[in-house]
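Peer 1: Structure of the sequence below:
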Amino acid sequence: SSKQVLNNTAVPEGNYSGTYAKHIESIIDINLHLEALVHNAITAGEFPIVLTGDHSNAIGAIHGFMKANKGMQVGVIWIDAHADLHSPYTTPSGNMHGMPLAVLLKQDNLSAQKNPIDVPTAKFWNQLKDHPSTLKPNNLVFIGLRDAEAEELALIDQLNIKAYTPELIAAQGIEAVLKGSLEYLSHCDALYVSFDVDSMDPSISTGTGTPVSNGLDFEQTQYLLKALINAPQVAALEITEINPEIEQNNQPMHEVVMQLLKPML
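Peer 2: Have a look, this model is predicted:
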């Protein structure tokens, strides 16, 4: 199938923004728009490449992916420094880019609740989760995970989610990590790859909001993305958390991303 780059253009934004779910109403609108874009691309036989600035967009993209692959086992490879498993009930920041997997897995994590949630936030959060498709915990793999809060780690442990940390990547090598991930998800019919640029080391990934040391190097990242995009099960790629406004050197983030993608397109 041919590759189609989806750029999630601006859509009308809702006004509500809660302390523990910032801009949640507009995020619902944006995700509904992106869900339709991805669904239409997949059903038209395209391989969508989704470029976004905020990881909360993965909610709509993956909902669209699951909708287009209805009745199939859908897996997700989440290449990211962070777990993104918070809910409004547990978030330390209120940033929605820390919550997409909690939405997709439909996990409030109430046993770890620390935030008092108002009625509108609860209403919009439930609306975001209210989708016919649910991601199964054993259909998810983390690669590069190295910055997660206690509430998220407890959920990973409780749901027995597979995670490759930098320590495991260093011990096993990136080739074995790729092989292990695909073998673990071999029961899945279609795979969605979500690549957060902060999975890379901050020495490379300068244009992202939450850099974390000890990340993937350029060669590891390029190997991983090229191998995944060519894997038969993989049917969509997302590249996210690119913020040109905070680049710190002479190599803009979009140029790094294009260098990563060049061998694949």
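Peer 1: Give me the neighbour count for Ile174.
Peer 2: 19 (other CB atoms under 10 Å). Using the backbone N, CA and C atoms, a C-beta is placed for each residue, glycine as well.
Peer 1: Contact partners for it?
Peer 2: Leu216, Gln220, Tyr223, Leu224 (CB atoms under 8 Å, 6 or more residues apart in numbering).
Peer 1: For the stretch 51-200 of the chain, just list every one of the helices.
Peer 2: 58-68, 100-105, 119-129, 150-159, 166-172, 174-184 (DSSP state H, counting those that start in this stretch).
Peer 1: Any idea which of those gets closest to Leu51?
Peer 2: With respect to Leu51, and counting by CB to CB, the nearest of the helices of the stretch 51-200 of the chain is helix 58-68 at 10.5 Å.
Peer 1: who touches the closest one?
Peer 2: Taking CB under 8 Å, 6+ apart as the rule, helix 58-68 contacts 27, 30-39, 42-43, 48, 50, 52, 74, 76, 84, 100-101, 103-104, 128, 131-133, 135, 190, 192, 194, 235-236, 238, 240.
Peer 1: Same question for stretch 134-145.
Peer 2: 62, 66, 73-83, 101, 104-106, 156, 159-166, 169, 177, 181, 184-185, 188, 199, 215-216, 224.
Peer 1: show me the contacts for Ile239.
Peer 2: Counting by CB under 8 Å, 6+ apart, Ile239 has contacts Ile49, Val50, Leu51, Thr52, Phe195, Val197, Val257, Leu261.
Peer 1: ok, now with 7 Å
Peer 2: When the contact criterion is CB atoms under 7 Å, 6 or more residues apart in numbering, the partners of Ile239 are Leu51, Phe195, Val197, Val257.
Peer 1: would you turn those into CSV with distance to Ala58?
Peer 2: As requested, those are exported to CSV (distance: CB to CB, whole Å):
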residue, distance to Ala58
Leu51, 12
Phe195, 10
Val197, 13
Val257, 16
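Peer 1: still on that earlier bit, list only those of the contacts of stretch 134-145 flagged as buried.
Peer 2: 62, 66, 74-83, 101, 104-105, 156, 161-164, 166, 169, 177, 181, 184-185, 188, 199, 215-216, 224 (16 or more other CB atoms under 10 Å).
Peer 1: hang on, the earlier thing: which of the helices of the stretch 51-200 of the chain sits closest to Pro88?
Peer 2: helix 119-129 (5.4 Å).
Peer 1: now the closest one against helix 58-68, angle please.
Peer 2: 40 degrees (axes from the mean of the first three to the mean of the last three CA atoms, to 10 degrees).
Peer 1: Not counting helix 119-129 itself, show me its contacts.
Peer 2: Contacts of helix 119-129 (CB under 7 Å, 6+ apart): Tyr16, Gly18, Tyr20, Ala21, Ile24, Glu25, Ile28, Ile59, Ser87, Pro88, Val103, Lys106.
Peer 1: Pull up the distance across stretch 78-85, start to finish.
Peer 2: 12 Å (CA to CA, to the nearest Å).
Peer 1: now stretch 203-217
Peer 2: 9 Å.
Peer 1: residue boundaries of the strands in this protein?
Peer 2: 3-7, 47-51, 74-79, 140-143, 162-164, 190-196, 234-240 (DSSP state E).
Peer 1: Comparing the ones you listed, which comes out most buried?
Peer 2: strand 74-79 (a mean of 27; mean count of other CB atoms under 10 Å).
Peer 1: This completes my enquiry, with thanks.
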